[in-house]
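[1] Structure for the following, please:
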Amino acid sequence: MKKLIIISLLVTLNTLFAQTENINTIDNLLLKINQTKNPVEKKQLIEKLKIKLANKNKKVQEESNAIIKAKSKLPTKTFSLEK
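    Modelled structure (predicted):
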């Protein structure tokens, strides 16, 4: 039982850290874009930002599709033994 609690806690912390790290990366790219004076470098940073945001969007879309699919499998009516 303790192992299960520890494993679930580690997975949760790992997920939270990964999401925070991804947000920090995007924030850092936005700051670099705002601070950069060189248009060529700014264009490169914008392309990196587009890729990061596209990947994040794809991941969120897959998660939402999985939730919708799981909800469609739920019964619409409650099961009753009596008729």
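
[2] Can you pull out the low-pLDDT segments for the chain?
    Within the chain, the stretches with pLDDT under 70 are 4, 9, 13, 16-23, 79-80, 82-83.

[3] need the helices for it, in chain order.
    2-35, 39-72 (DSSP state H).

[4] Reformat those into CSV and put distance to Thr78 and mean neighbour count next to each item.
    In this view, the C-beta of every residue, glycine as well, is placed from N, C-alpha and C. Output for the helices of the chain, formatted as CSV (distance: least, CB to CB, whole Å; neighbours: other CB atoms under 10 Å):
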stretch, distance to Thr78, mean neighbour count
helix 2-35, 30, 11
helix 39-72, 16, 11
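
[5] what distance separates the start and the end of stretch 32-41?
    End-to-end distance of stretch 32-41 (CA to CA, to the nearest Å): 10 Å.

[6] Would you pull up how far that stretch lies from the middle of the chain?
    Centroid displacement of stretch 32-41 relative to its chain, using CA atoms, centre = their mean, to the nearest Å, is 27 Å.

[7] next one: stretch 37-57
    How far stretch 37-57 lies from its chain's middle: 19 Å, per CA atoms, centre = their mean.

[8] From the rest of the structure, what touches it?
    Here stretch 37-57 makes contact (CB atoms under 8 Å, 6 or more residues apart in numbering) with 22, 25-26, 29-30, 32-33, 36.

[9] Run through the residues that contact Ile33.
    With CB under 8 Å, 6+ apart, Ile33 has these contacts: 42, 45-46, 49.

[10] which one of those sits closest to Lys73?
    Nearest to Lys73 among these: Leu49, at 36.9 Å, using CB to CB.

[11] Would you check how far apart that closest one and Ile33 are?
    7 Å (CB to CB, to the nearest Å).

[12] Check Ile26 too.
    For Ile26, the distance to Ile33 - CB to CB - is 11 Å.

[13] what do you get for Glu62?
    27 Å.

[14] ditto for Asn65
    Asn65 is 31 Å from Ile33, by CB to CB.

[15] Also Gln61?
    25 Å.

[16] Next, format the contacts of stretch 37-57 as CSV and append distance to Thr15.
    Output for the contacts of stretch 37-57, formatted as CSV (distance: CB to CB, whole Å):
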residue, distance to Thr15
Asn22, 11
Thr25, 16
Ile26, 17
Leu29, 22
Leu30, 23
Lys32, 26
Ile33, 28
Thr36, 32
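
[17] Cheers, nothing more for now.
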